[in-house]
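**Q** here is the input, now give the coordinates:
(chains A and B)
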Amino acid sequence: MDKIKSRLAPVLWYAAVLSGLLIVLLPFAWAIASSLRPLSDVFRYTTPFSLRALVPIPFTLEAYANIFQKDFGRALLNTVFVCAATILGGLLLNSLAGFVFSKLRFPGKSIVFTIVLVTFMIPFEVIAIPLYMVARNLGILNTYAALILPGIANGLAIFLFKQFFDEIPSDLIEAARVDGASLFYVYGRIFVPLSKPAMITAGLILFLFQWNAFLWPLISVSSPAHRLVQVAMAYFHTENQVLWNEQFAATVIVALVPIMIILPLQRYFVQGIAGSGTKG
Amino acid sequence: MYAPFIAYLFLAPAILGLLIFKVYPLLLSATESLYQVSFFGQQAKYFVGLENYRDVFADPTFWQSLKVTLKFNFLIIPIQVALAVALALLLNKKFKGVRVFRSIYLLPAGVSIAIACTLWSLMLNPNSGLLNSLLALVGIPRQPFLTTSSQALWSIILIASWKGVPYWMIFIMAGLQGIPESNYEAAAIDGANALQVLFKITLPLLKRTLLFVVVVNTVSNFLLFVPPYMLTRGGPESSTNLLMYEVFKSGFIYNDMARATTMITLLVILLLGIVAIEFRWLRAEH
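**A** So this is what the prediction gives:
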């Protein structure tokens, strides 16, 4: 009986895992294939189904060319800009804060740190409307500032940097101080260069947060000139119902950018997500 | 190193950012629902106490939306947690290729819910979608999916789970790493079968991780907004009118901020209540 069981186990395992894999990949594969077709071909091989549905022959890039000529290209640029700004500002601010929490003592430290931890447990939807009011009062609605500023300070990133810096011995600071270095020098010239893995993880978190954001870009910005890519894709979906290949193309781009970044950086991606779990 | 001045200086930008854009709005959210907007513009508010709540409770749309939200969550939370655990357990085995498979399973967790919605709305298109044509291969007639009230909510459950299950799986997998091999070895020596190992060793040791996943999953699903917004606008026949979508409509389409903030406060209270129950339930068993 055991021999049969141990022969059966791998078969069952592969069956389960591969069927799940199919469910994961099929939407992507179909979208990619369909985006590379001329409009007339998009559903030609879907009904009735033939495997040609997943193979784009004839092949064309016209869908991609077309969407760039519409608002979508602008949305892509906007999102790249917002992501870059958030990452630059975010890495600086959050690593500084992480450094302080890890290496310095000061009155009120535990209270402030608790505040930091609480902020990253707040679901965005809960503060979406009040944040909208704050942005309105600051006069930054419908500007890049509204998209970038709220995203820079990130409790999870601060926490990750603190954890990372905790692993670096404090003697490094003492040694540098003896040589007359300022704390900013210690931070910038010693800790920052050592923190590449933390920078990658935090950078990834900040990037994904901005690239995948939907509710805030939807409500904080109304003009197409400032629109971000997820919202643009949603509009595209409703405004270009029949331009199927272009819809697929827009979706593919918005989906593939984070995927292309996550795949080589998987370890950091998983760390970033699981990191929010360790505090729970 | 004791250095208060430098500490405050270095912390200032980040803490300021958190205070302005996270803490202050959180505090506002607690009190906004007690105000109504005057005719003279958004800036002039007046205190109305609990009147907004009276209005919302008298609104049948609120109750209908609440029902849909409860139904949705009582279905999706167990489904997602169970699948996440199953997937994590599967991908924890050392069969050939598991590393590659694991990477692929990560992908839906890395894309946005909006992407999941567009991809699947195309897949679930009743006339030209891939899913119906695949079903046709096995003789199942065309399904209306998102266009009918009996299937729309389930379609959203499918879409949200396609993205959510891999995401929650990551946490469970991290939790599984924390279980020492020695437990399994001891079980093997005692001759335990797979089911016994699962229920007597793995799940109990995963309790902390499970509690975390259940709670955060609950929060995330109760506040779900994008699928009804992008795919169904709350329909057909309000079958997918989740509360968060109703909040969005109130605030940004009907321009009734008072109603919006009241509803979200109620949603948060409901959520806290359910989370408290989950804590009790998952902590109490020892």
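
**Q** which stretch of helix or strand covers residue 86?
**A** Going with chain A. helix A:71-103 (DSSP states H and E).

**Q** actually chain B
**A** Using DSSP H and E, the element containing B:Ala86 is helix B:60-90.

**Q** give me the distance from that helix to the chain's centre.
**A** Relative to its chain's centre, helix B:60-90 lies at 8 Å (Cα atoms, centre = their mean, to the nearest Å).

**Q** helices or strands next to it in the packing?
**A** Judged by 3 or more Cβ pairs under 8 Å, 6 or more residues apart in numbering or on different chains; DSSP states H and E, helix B:60-90 is in contact with helix A:2-35, helix B:152-177, helix B:207-222, helix B:243-252, helix B:257-284. The way it works is simple: take the backbone N, C-alpha and C, and place the C-beta from them, glycine included.

**Q** which element follows the second one toward the C-terminus?
**A** Read that as helix B:152-177. Next along from helix B:152-177, by DSSP H and E: helix B:181-189.

**Q** tell me the phi and psi of the closest residue to chain B within chain A?
**A** Proximity of chain A to chain B (Cβ to the nearest Cβ) peaks at A:Ala153, 2.9 Å away. Dihedral pair for A:Ala153: phi -80, psi 120, per degrees, to the nearest 10.

**Q** still on that earlier bit, just the angle between the helix holding B:Ala86 and helix B:152-177, please?
**A** Going by axes from the mean of the first three to the mean of the last three Cα atoms, to 10 degrees, helix B:60-90 is angled at 40 degrees with respect to helix B:152-177.

**Q** hmm, back to that, okay if I get the helices and strands packed on helix B:60-90 as a markdown table plus distance to B:Ala88?
**A** Shown next, in a markdown table, are the helices and strands packed on helix B:60-90 (distance: least, Cβ to Cβ, whole Å):
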| stretch | distance to B:Ala88 |
| --- | --- |
| helix A:2-35 | 12 |
| helix B:152-177 | 4 |
| helix B:207-222 | 9 |
| helix B:243-252 | 28 |
| helix B:257-284 | 17 |
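
**Q** ok but B:Tyr46 is inside a helix, no?
**A** No - assessed with DSSP: H, G, I helix; E, B strand; the rest coil, B:Tyr46 is strand; it does not lie in a helix.

**Q** burial count for residue 29?
**A** Using chain A. 15 (other Cβ atoms under 10 Å in any protein chain shown).

**Q** wrong one, chain B
**A** What B:Ser29 shows, counting by other Cβ under 10 Å, is a neighbour count of 21.

**Q** quick check: phi and psi at the residue in chain B that chain A sits nearest to.
**A** The minimum distance from chain B to chain A, using Cβ to the nearest Cβ, falls at B:Gly17 (2.9 Å). When read as degrees, to the nearest 10, the backbone of B:Gly17 gives phi -60, psi -50.

**Q** against A:Phe191, how distant is the nearest residue to it once chain neighbours are set aside?
**A** Nearest residue to B:Gly17, sequence neighbours excluded (Cβ to Cβ, 6 or more residues apart in numbering or on different chains): A:Ala153, at 2.9 Å. Noted for A:Ala153: a distance of 19 Å to A:Phe191, by Cβ to Cβ, to the nearest Å.

**Q** same deal with B:Leu16?
**A** 22 Å.

**Q** the more surrounded of those two?
**A** A:Phe191 (23 against 12).

**Q** hmm, the more buried one is touching A:Ile168, no?
**A** Yes - counting by Cβ atoms under 8 Å, A:Phe191 does reach A:Ile168; the two are 6.6 Å apart.

**Q** thinking again about what came up before, what number of residues lie near the residue of chain A closest to chain B?
**A** A:Ala153: 25 neighbours (other Cβ under 10 Å).

**Q** now swap in A:Ile219 and tell me
**A** Neighbours of A:Ile219 under the rule other Cβ under 10 Å: 19.

**Q** name the nearest residue to the most centrally placed residue in chain A, ignoring sequence neighbours.
**A** Central residue check for chain A by Cα atoms, centre = their mean: the C-alpha nearest the mean position is that of A:Leu208, 0.6 Å away. Distance criterion Cβ to Cβ, 6+ apart; nearest residue to A:Leu208, sequence neighbours excluded, is A:Pro258 at 5.9 Å.

**Q** lowest-pLDDT helix or strand in chain B?
**A** strand B:41-47 (a mean of 71; mean pLDDT, DSSP states H and E).

**Q** who's in contact with whichever helix or strand comes after that one?
**A** Sequence order places helix B:51-57 as the next helix or strand after strand B:41-47, per DSSP H and E. The contact list for helix B:51-57, computed with Cβ atoms under 8 Å, 6 or more residues apart in numbering or on different chains, reads B:Ser33, B:Leu34, B:Tyr35, B:Gln36, B:Phe62, B:Ala258, B:Arg259, B:Thr261, B:Thr262, B:Met263, B:Leu266.

**Q** shaky segments in the stretch 51-200 of chain B?
**A** Nowhere does the stretch 51-200 of chain B drop to pLDDT under 70.

**Q** how many neighbouring residues does B:Arg99 have?
**A** The burial count for B:Arg99: 10, using other Cβ under 10 Å.

**Q** now do the phi/psi pair for A:Leu263.
**A** phi -50, psi -50.

**Q** got a pLDDT number for it?
**A** Per-residue pLDDT puts A:Leu263 at 93.

**Q** now the closest residue to it other than its chain neighbours: how far from A:Asn212?
**A** Nearest non-adjacent residue to A:Leu263, counting by Cβ to Cβ, 6+ apart: B:Ser103, 6.7 Å away. Remark: distance between B:Ser103 and A:Asn212 (Cβ to Cβ) = 19 Å.

**Q** the more surrounded of the two?
**A** Each of B:Ser103 and A:Asn212 has its neighbours counted (other Cβ under 10 Å); A:Asn212 has more, 17 against 14.

**Q** contacts only, for the more buried one.
**A** A:Gln230, A:Pro258, B:Val111, B:Ser112, B:Ile113, B:Ala114, B:Ile115.

**Q** quick one, phi psi at it?
**A** According to degrees, to the nearest 10, A:Asn212 has phi -90, psi 0.

**Q** got it, and B:Gly234?
**A** phi 90, psi -10.

**Q** likewise A:Ile168?
**A** Dihedral angles for A:Ile168 - degrees, to the nearest 10 - are phi -90, psi 130.

**Q** ok, and does the helix holding A:Thr86 reach over to chain B?
**A** Yes - residues of helix A:71-103 contacting chain B under Cβ under 8 Å from any Cβ of the partner chain: A:Leu93, A:Asn94, A:Leu96, A:Ala97, A:Phe99, A:Val100, A:Lys103.

**Q** and B:Lys71, how many neighbours?
**A** 13.

**Q** please name the nearest non-neighbouring residue to it.
**A** B:Lys71 sits nearest to B:Leu153 (Cβ to Cβ, 6+ apart), 7.1 Å away.

**Q** separation between the residue of chain A closest to chain B and B:Thr240?
**A** Taking Cβ to Cβ, one finds A:Ala153 at 34 Å from B:Thr240.

**Q** and if you look at A:Ala176?
**A** 59 Å.

**Q** more neighbours: those two, which one.
**A** B:Thr240 (25 against 17).

**Q** would you agree that one falls within a helix?
**A** No - membership of B:Thr240 in a helix is not supported by three-state DSSP, which gives coil.
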